[in-house]
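>>> Output the structure for:
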Amino acid sequence: QVQLVESGGGLVQPGGSLRLSCAVFGIISSIDAMGWYRQAPGDDRALIASISRDGRTTYADSVKGRFTISRDNRKITVYLQMNSLKPEDTARYFCCALRVAPNNVNIWGQGTQVTVSS
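Residues are numbered from 1 along each chain as shown. Prediction:
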């Protein structure tokens with residue numbers, strides 16, 4: 001059983017930074033990769049960053065160069081560093097354990113709200 005707990009959201013001004021954290025509990029070896037998704041009102045949930053078991057990262061074009069996904073294997077935590085935030089980054093952000101064995105399912109955290117506004 002894998003459980004995820006996100007933290008670090010909040011209100012920030014345009015141009016500011018936030019770091020989201022995702023604490024991972026459970027059988028870590030069953031997880032194929034970790035991802036951060038976001039969902040704004042009226043929009044579909046979209047993958048914005050991922051990190052594989054061997055450390056390879058991918059980013060959506062909308063956040064490339066501004067956001068960085070990383071992990072701390074000792075703390076078993078995944079981070080999303082968000083810089084140069086824009087109002088259009090306002091959304092609820094979700095951590096996701098991707099393709100978790102044995103059933104190859106995705107497991108979600110509860111999400112954390114990020115609001116970028118002056």
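>>> So the residue nearest to the spatial centre of the chain, which state does it fall into?
In the chain, the centroid-proximal residue (C-alpha atoms, centre = their mean) is W36; its distance is 2.5 Å. Here W36 is strand, with the state taken from DSSP: H, G, I helix; E, B strand; the rest coil.
>>> what is it paired to in the beta sheet?
For W36, the beta-bridge assignment (DSSP bridges) gives partners A49, C95.
>>> do R71 as well
Applying DSSP bridges, one finds that R71 bridges with V78.
>>> burial of it, as a residue count?
16 (other C-beta atoms under 10 Å). Placement of C-beta: from N, CA and C, glycine included.
>>> Equivalent analysis for the one 5 residues further on, please.
Other residues within reach of I76 by the criterion other C-beta under 10 Å amount to 13.
>>> Check what pLDDT the residue nearest to it when sequence neighbours are not counted gets.
Among residues not flanking I76 along the chain, V24 sits closest, at 4.9 Å (C-beta to C-beta, 6 or more residues apart in numbering). Per-residue pLDDT puts V24 at 93.
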